[in-house]
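Trainee: Okay, here's the prediction I keep looking at, along with the sequence it came from:
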Amino acid sequence: EEDPPPQWTTFDGIDWSKRPEPETDTHVQVVLQFKTWEITKLEGKENLTWSGVLELYWTDARLDGCPRSHSLPENIWRPRMTGSVGFSLGEAEKGTKLPTFN
């Protein structure tokens, strides 16, 4: 018999900026959906140009029992996205906006 989910009542007392379970790995699933893609040659290099969606999924057990009507804490941990030269996620990289790819 499984334990019932905890009764969620408040965000008080939780450091939301930390990973859900800092002492263990946080598994992040990545879904990459290509809408269009093209490989071009430029100055002896091949470049992949694509348009699509990058989705990340993970579990944060601290939210168990949280009513869907509640907003998430503003400073809740999110996986860090790092861009490279020529690749910037802008506001999405800061976790302040969902990324879009054109």
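Mentor: Ah, there it is.

Trainee: In contact with Val31, which residues are there?
Mentor: Neighbour list for Val31: 53-57 [criterion: C-beta atoms under 8 Å, 6 or more residues apart in numbering]. Any C-beta I mention is one placed from the backbone N, CA and C, and that applies to glycine too.

Trainee: Now tabulate those in a markdown table and tack on secondary structure and pLDDT.
Mentor: Shown next, in a markdown table, are the contacts of Val31 (DSSP: H, G, I helix; E, B strand; the rest coil; pLDDT from 0 to 100):
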| residue | secondary structure | pLDDT |
| --- | --- | --- |
| Val53 | strand | 91 |
| Leu54 | strand | 90 |
| Glu55 | strand | 93 |
| Leu56 | strand | 93 |
| Tyr57 | strand | 94 |
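
Trainee: most surrounded residue in the residues you listed?
Mentor: Leu54 (14 neighbours; other C-beta atoms under 10 Å).

Trainee: my guess is that one contacts Phe34, does it?
Mentor: No. Under the criterion of C-beta atoms under 8 Å, Leu54 makes no contact with Phe34, lying 10.2 Å away.
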